[in-house]
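> show me the folded form of this:
(one chain, ligands or ions: 1)
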Amino acid sequence: MGRRQTMMEKYKMQMKAYRKKRMQQDNTPFLPIDGNVYVMDTLDATKKLKAEVLKKSTKQHREIIESLACPICANPMEWDSKWEAFICVKHGKKAIYELVDQD
Ligand SMILES: [Zn+2]
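Residues are numbered from 1 along each chain as shown. This next block holds a predicted model:
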C-alpha cells in the first residue's frame, strides 16, 4: 500500500473538488448576453417576470448581476449565495427570485 490512496480517500477528494467547482459555477448570477434578465418567484413558479439590472460587474470576461430591482416593488436586491437567488422582503411576503432562461 504505502503512499497509495485508498479508494475511499480518492473518492472523497474527487467529491470535494466536484462540489467546489459546482458551487463556483452555479453560484454566480451571470448576466445573459442580450442583457434581459428574467426571474421566477419560487413560491409562485407560474409567472416569469422581467427584472431590471441595477448594478453589474465583470468577472473573467463575463458580466455578473450585482443588484436587481424587485419586479414587484423595485427594491434593489442583492444576490444571496445561500439561496442562489435574489430576495426581496420589502413588499409584504418574502419573495425569493430565481434566475430563469428567457424562453
Ligand atoms: Zn419587492
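> what's the helix or strand bottoming out on mean pLDDT in the chain in contact with?
Ranked by mean pLDDT, DSSP states H and E, the weakest helix or strand in the chain is helix 7-26, scoring a mean of 78. Residues outside helix 7-26 that contact it (CB atoms under 8 Å, 6 or more residues apart in numbering): 5, 84. Using the backbone N, CA and C atoms, a C-beta is placed for each residue, glycine as well.
> that one: what's the following helix or strand?
Once the chain leaves helix 7-26, the next helix or strand it forms, by DSSP states H and E, is strand 37-41.
> parallel or antiparallel, which strands does that next one pair with?
Sheet pairing of strand 37-41 (DSSP bridges) gives strand 44-51 (antiparallel), strand 95-100 (antiparallel).
> what about that strand and the ion, any contact?
No. For a cut-off given as CB under 5 Å from the ion, strand 37-41 has no contacts with the ion; the smallest distance is 10.0 Å.
> now do that strand: distance to the chain's middle.
11 Å (CA atoms, centre = their mean, to the nearest Å).
> quick one: mean pLDDT over that strand.
Computed over strand 37-41, the mean pLDDT rounds to 95.
> alright, calling it a day.
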